[in-house]
Each structure stands twice: as structure tokens, then as C-alpha cells.
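Chemist: Just the structure for this:
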Amino acid sequence: MSAKIRKAILFCSFLVFSSIVFCQKTSSSCVAVFLDDHLVVDEYSEYGQCIIDYNVTGSFTVQTVILSSEQCQPTGQIKFRLAIRRGASNTLVSFSDNTFEEVPVEDVLSKCHAGDSILVMLVDEGYTLPHNEIIVHYAQ
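Modeler: Residues are numbered from 1 along each chain as shown. Take a look at the predicted model:
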């Protein structure tokens, strides 16, 4: 098995595992993806979905959060990387070799096509990001 295939399997395993595990009382801190000051996920639960329109503007950040029944308060940015899942082929493509604390959403969306998703990968293992896939919605 080639190194590229092993890396792809490891990466996919990480995404599946991180989408199953939700913020629990462990050594992990809860984090969430924000578009400017707004939480990207519609509901911070196992049923929550991240969907953005293709024409949105602003900046993506991943931030630690304090969760309560009324709100999800950001408390600090952390480093992350991005990939794009091609909807037509289910292929993962790295957005950049860079690590970000903030990235203009327009830059990311300029590399997306209809049916694609944006995948958010954490750099530090001490965090939990249950909502790591952002679906890009194109108006009909």
C-alpha cells in the first residue's frame, strides 16, 4: 500500500471519528467553526448541520466555545487546515499547505464547485470539533 493511500485512509478515519465524538468531559475542549461572529452549525448537537451559501463573504475561524442552553460563546481562535471534498468524485483535495487561524471564505469558495463540501481539520489533538464538514449550497 502506497504512502498516499495510507495517508488518505488515516485522514478519512480521522474525519469519521471526529464526527462521531461530541464534546465530552475529557481532556478535549469544544470548538466550533465561525463565519465572522456567527456559528456555522445550525444547532450544536448531534443533529446539527453546517451549510453556507456559495456567495457568502467574511472569514472562517475555529474557536474554543463555552456552551450553554442559550448560546455558544467563542473564547479564542485555534489553528486549523482546510480540505475540499469534491461532490462529483468524493475526492479530498487540500485547500492549502498552510495552517490558518483565520481565512477569507471567498478564497475557499473560489476553489469549490457545485456539490462540494469544505472539511475543517484541527492541528491540535486537544480539541473536539464534531461539526467539521461544511456543505456549500448553490442557488438554483
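Chemist: drop to CA atoms for contacts and neighbour counts, all remaining ones
Modeler: Fine.
Chemist: any low-confidence regions in the protein?
Modeler: Scanning the chain for pLDDT under 70 picks out the ranges 1-27, 140.
Chemist: just checking, what packs against the helix or strand hosting I66?
Modeler: Assigned by DSSP states H and E, I66 falls within strand 59-67. Packing partners of strand 59-67 (3 or more Cα pairs under 8 Å, 6 or more residues apart in numbering; DSSP states H and E): strand 29-35, strand 72-78, strand 103-104.
Chemist: give me the number of residues near the closest residue to C50 other than its chain neighbours?
Modeler: Leaving aside its sequence neighbours, C50 sits nearest to V41 (Cα to Cα, 6 or more residues apart in numbering; 4.3 Å). By other Cα atoms under 10 Å, 22 other residues sit near V41.
Chemist: Could you double-check that V41 sits in contact with L35?
Modeler: No - with contact defined as Cα atoms under 8 Å, V41 does not count as touching L35 (9.9 Å).
Chemist: now the helices: where do they sit in this protein?
Modeler: Secondary structure of the chain (DSSP state H): helices at 3-20, 105-109.
Chemist: Show me what the last one packs onto, helices and strands only.
Modeler: Taking 3+ Cα pairs under 8 Å, 6+ apart as contact, there are no helices or strands that helix 105-109 lies on.
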